[in-house]
Structures are given as structure tokens and as C-alpha cells.
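> could you look at this predicted model? Sequence included:
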Amino acid sequence: MIPEAAVPDADLQSAIRAAITGADQNTALVDAARDRMMIQFLRRGEKPVDANKLAREAVRSDPATYQRGHDRAAMVPGGIRRALPVGVQREVRATIADLIGAAKRNAHVGQLEALIPAEIRELLAWIVGEP
């Protein structure tokens with residue numbers, strides 16, 4: 001968790017946007033998403049050339065929807081962490097799994113709020129496009 005006032009809010013928001021944009025433009029994530037979508041279009045009977053074009057257009061228009069969530073979730077928190085000042089980076093978990101693993105040991109599993117800080121819940125909602 002980022003210590004309060006360690007990073008100005010504007011800088012943190014900028015780091016979050018940059019990490020999300022980085023995932024949106026990541027060649028490996030985009031190519032994998034396009035490949036999966038192309039297979040879907042081929043199964044629907046599209047010609048290979050058309051399937052490739054449709055898949056490319058779909059992924060370019062909304063990469064967050066078509067990229068594999070696990071890979072994207074691994075990339076975005078790490079990107080945010082790398083954008084923070086070095087002294088703050090060690091205070092921030094690089095993956096969602098690390099964040100949950102470092103959660104309070106006495107938290108009840110049924111209490112999401114106790115396991116995942118509000119900032120991370122907001123980030124996750126933003127990543128998946130929830131209001």
C-alpha cells in the first residue's frame with residue numbers, strides 16, 4: 001500500500017493511466033488477443049483474411065475487453081509500481097496475488113474490503129471499465 005502523501009495524487013493517477021495504456025498497447029497482449037479473436041471469427045465462418053481484419057479491428061477498438069485478464073492484471077500493477085519513486089516501490093505490491101497474500105492475516109475471507117484496499121478495488125473497477 002502506498003504511504004499517504006508519498007506520491008501526489010496527480011502523479012499516481014498519471015502512473016495508473018500510463019500502466020493501463022501500456023497494457024492496451026503491449027504487443028504480446030494485443031497479438032494474443034487478436035489470435036484468439038481470429039479463431040472465433042473463423043469458427044463463425046469468416047474467411048481467413050476477413051477474420052484477421054475483424055479480429056484486429058475488435059482488439060484495437062477495445063483491448064481491455066479482448067486481452068487475457070490474467071496477463072493484463074499481471075502487467076498493470078507492475079507498471080504502476082515501476083512508475084513510482086524508488087523509495088515508494090518497495091511499499092507497493094507488483095501483482096494482485098502479492099497484494100492479497102500480504103493482506104491482513106486476520107481478515108475474514110468474505111469481507112472483500114478487508115482483503116483488498118479501496119484504492120485497488122477502484123483500480124480494478126477502472127481496468128475492467130466499471131463505473
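Here it is on my side, so go on.
> how about the helices in this structure?
Taking DSSP state H to define them, one finds helices in the chain at 9-25, 27-43, 48-61, 63-66, 69-83, 86-89, 96-101, 112-115, 118-128.
> least reliable of those going by mean pLDDT?
Mean pLDDT is lowest for helix 112-115 out of the helices of the chain, coming in at a mean of 61.
> dump the helices of the chain into TSV; add mean neighbour count as well.
In this view, the C-beta of every residue, glycine as well, is placed from N, C-alpha and C. Listed next are these as TSV, based on neighbours: other CB atoms under 10 Å:
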stretch	mean neighbour count
helix 9-25	15
helix 27-43	16
helix 48-61	15
helix 63-66	18
helix 69-83	18
helix 86-89	11
helix 96-101	14
helix 112-115	12
helix 118-128	14
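> nearest spatial neighbour of residue 33, skipping sequence neighbours?
Leaving out its chain neighbours, the residue that sits closest to residue 33 by CB to CB, 6 or more residues apart in numbering is residue 66, at 4.1 Å.
> contacting residues around that neighbour?
By CB atoms under 8 Å, 6 or more residues apart in numbering, the residues touching residue 66 are 33, 34, 36, 37, 58, 59.
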